[in-house]
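**Student:** Provided below are the primary sequence and the corresponding predicted coordinates.
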Amino acid sequence: MRRVAGIVFVSLVAACSTAPPIASTGTAPARTECSVSEADLIANRSLTWREFDQEAATPTSWRALMARECYDSAVRAYADYLVYGPIPVGERWQTSARFHLGQSLASAGRTDEAARMIATARRETEVGGLR
């Protein structure tokens, strides 16, 4: 069921990627620095969530892309990881992943999508000191 929901989400993200790009401030990295190939996505899928989300284990992991301000690529990488990557168990991972994807969407200027995604990251219980 999670895979089906993920595929639907990725389809929605892909459909919205045809929006016009946000005006550049001149400080964004060169396009090649933000490129994420199909091979990169496949490589990301072998990373643990901690490596992908928290540690910037590879140049195309979510954390590394966000650090370089490659927001659209970070959205693409995270959406792919949620559908095809490993499935860690636990509310903390699930809500953190949805929040971080929402953070990427917001950073890319896709605020409506970001608000909807971040709203799904709410928790009713405290997990790891966060609520």
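**Tutor:** That came in fine, so what should we check first?
**Student:** what are the neighbouring residues in contact with Arg63?
**Tutor:** 52-56 (CB atoms under 8 Å, 6 or more residues apart in numbering). (C-beta placed from N, C-alpha, C; glycine too.)
**Student:** filter those residues to the buried ones?
**Tutor:** In these, burial by neighbour count holds for 52-53, 56, counting by 16 or more other CB atoms under 10 Å.
**Student:** remind me which residues of this protein are low pLDDT?
**Tutor:** 1-31, 124-131 (pLDDT under 70).
**Student:** residue ranges of the helices in the protein, please?
**Tutor:** 2-16, 31-34, 38-44, 49, 62-67, 71-84, 91-107, 111-119 (DSSP state H).
**Student:** pull the residues that contact the fourth one.
**Tutor:** Read that as helix 49. Outside helix 49, the residues within contact range by CB under 8 Å, 6+ apart are 85-86, 88, 93, 97.
**Student:** was I right to think Ser104 contacts Ala67?
**Tutor:** No - with contacts counted by CB atoms under 8 Å, Ser104 stays clear of Ala67, the gap being 11.9 Å.
**Student:** out of the buried ones among the contacts of Arg63, which is nearest to Ile118?
**Tutor:** Asp53 (15.5 Å; CB to CB).
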